[in-house]
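# model the structure of this input:
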Amino acid sequence: MITVRPAAERGHIDHGWLDTSHTFSFASYHDPRQMGFRALRVINEDRVKPGEGFGTHAHRDMEILTWVLEGALEHKDSMGNGSTIRPGEIQRMSAGTGVTHSEFNPSRETPVHLLQIWLLPNQRGLPPSYEEKLFPTEARRGHLCLIAAGDGRQGAVTIHQDADLWTVLLEPDESVRHALRPGRHAWLQVARGAVSLKGTALGAGDGAAVSDEAALEITASARAEVLVFDLA
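Numbers count the residues shown, from 1 in each chain. This is a model prediction of the structure:
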């Protein structure tokens with residue numbers, strides 16, 4: 001079963017400095033029908049203007065992944081981490097018992113376009129931790145690349161949840177297949193471009209919940225960047 005979450009139906013707020021779309025309920029956007037999927041709780045597509053950003057704020061008991069699509073994002077946190085994240089770099093911050101951080105667009109000219117993803121952890125009260133890794137374009141082009149996983153295999157960042165996050169860059173008419181073990185579910189998010197998921201057309205910003213399927217068959221109808229969550 002495939003259930004589409006159209007991009008146009010997401011919660012959308014333009015703050016001036018921040019243009020954001022929420023796949024699931026977040027902040028002032030609330031839809032009781034859209035509270036997440038399995039352990040996946042947040043997918044926010046953010047565009048931050050040059051020189052702007054999120055001031056220091058707090059999180060706890062959440063696995064937070066940041067994936068930059070264009071531009072760069074400067075990160076600082078209460079654990080002492082400071083870095084600038086660019087396309088191809090996945091950042092994992094486990095908020096655990098509590099962490100504060102800030103995120104800014106360091107450019108004076110170029111907006112930053114990113115996805116911020118939250119997953120519920122498999123246990124509360126974990127020590128806060130941080131991880132960041134680069135996955136070059138070549139590793140993601142034409143085949144699924146594992147960038148986050150509960151066991152950290154294949155060089156992925158380690159998340160505290162029974163979940164895998166894969167990503168792929170596809171050229172038009174190029175296809176990939178992701179098999180699902182019995183009892184597993186998936187969420188597909190089109191970051192850019194357009195694809196067909198087992199014959200269902202999806203465009204940029206669209207998402208799809210997948211249950212009771214043996215595999216995801218993904219074919220690009222335009223140059224595309226796709227994220228696939230494999231969830232318990």
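# from now on I want contacts and neighbour counts done on CA atoms only, so please keep to that.
Noted.
# show me what contacts the nearest residue to Thr137 once chain neighbours are set aside?
Setting aside the residues directly before and after it, Thr137 is nearest to Gly88 in space (CA to CA, 6 or more residues apart in numbering), at 6.7 Å. Going by CA atoms under 8 Å, 6 or more residues apart in numbering, Gly88 touches 67-69, 134-137.
# dihedrals phi and psi, Gly88?
Main-chain torsions, Gly88, degrees, to the nearest 10: phi 90, psi -10.
# can you give me the helices for the chain?
Ranges of helices in the chain, per DSSP state H, are 137-140.
# quick check: phi and psi on the residue in the chain sticking out farthest from the centre?
Note on the chain: the largest C-alpha distance from the chain mean falls to Arg108, namely 25.2 Å (CA atoms, centre = their mean). Phi and psi for Arg108, reported as degrees, to the nearest 10, are phi -90, psi -10.
# beta partners of Asp164?
Per DSSP bridges, the residues bridged to Asp164 are Ala149, Asp230.
# for the residue nearest the centre of the chain, give me its contacts.
For the chain, the residue sitting closest to the mean C-alpha position, by CA atoms, centre = their mean, is Ile117 at 4.3 Å. Contact analysis of Ile117 by CA under 8 Å, 6+ apart lists 40-44, 64-66.
# the same query, at a cut-off of 6 Å, please.
Ile117 sits next to 42-43, 64-65 when contact means CA atoms under 6 Å, 6 or more residues apart in numbering.
# what's the answer for Pro111, then?
For Pro111, the contact set (CA under 6 Å, 6+ apart) comprises 48-50.
# hmm, try it at 8 Å
Counting by CA under 8 Å, 6+ apart, the residues that Pro111 touches are 47-50, 70-71, 105.
# any idea how far the residue farthest from the centre of the chain is from His22?
26 Å (CA to CA, to the nearest Å).
# swap in Pro128?
Pro128 sits at a distance of 25 Å from His22 (criterion: CA to CA).
# now swap in Met35 and tell me
To His22, Met35 is 11 Å away according to CA to CA.
# neighbour-wise, which of the two wins?
Shown here are Met35 and His22; by other CA atoms under 10 Å, His22 has more neighbours (24 against 15).
# mind listing what the residue farthest from the centre of the chain touches?
Going by CA under 8 Å, 6+ apart, Arg108 touches 50-51.
# over to His22?
Residues in contact with His22 (CA under 8 Å, 6+ apart) are 10-12, 29, 42-45.
# 6 Å - rerun?
By CA under 6 Å, 6+ apart, the residues touching His22 are 10-11, 44.
# in strands only, show me those residues.
Counting by DSSP state E, these place 11, 44 in strands.
# closest one of the contacts of His22 to Leu197?
Of all those, Arg10 has the smallest distance to Leu197: 19.6 Å, by CA to CA.
# isn't the closest one up against Phe24?
No. Checked against CA atoms under 6 Å, the pair Arg10 and Phe24 is beyond contact range at 7.3 Å.
# returning to that earlier point: the residue nearest to the centre of the chain and Lys198, how far apart?
Plainly put, Ile117 is 25 Å away from Lys198 if you go by CA to CA.
# please apply the same query to Ala215.
Counting by CA to CA, the gap from Ala215 to Lys198 is 9 Å.
# and those two? which has more neighbours close in?
It is Ala215, of Ala215 and Lys198, that has more neighbours when counted by other CA under 10 Å, with 16 against 13.
# show me which positions of stretch 216-231 end up buried.
Buried residues in stretch 216-231, counted by 16 or more other CA atoms under 10 Å: 216, 218-222, 224-231.
# reformat the residues you listed as a markdown table; add distance to Leu180 and pLDDT.
A markdown table is the format used below for those (distance: CA to CA, whole Å; pLDDT from 0 to 100):
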| residue | distance to Leu180 | pLDDT |
| --- | --- | --- |
| Leu216 | 8 | 98 |
| Ile218 | 13 | 98 |
| Thr219 | 17 | 98 |
| Ala220 | 20 | 98 |
| Ser221 | 23 | 97 |
| Ala222 | 25 | 97 |
| Ala224 | 22 | 98 |
| Glu225 | 20 | 98 |
| Val226 | 17 | 98 |
| Leu227 | 15 | 98 |
| Val228 | 11 | 98 |
| Phe229 | 11 | 98 |
| Asp230 | 8 | 98 |
| Leu231 | 9 | 98 |
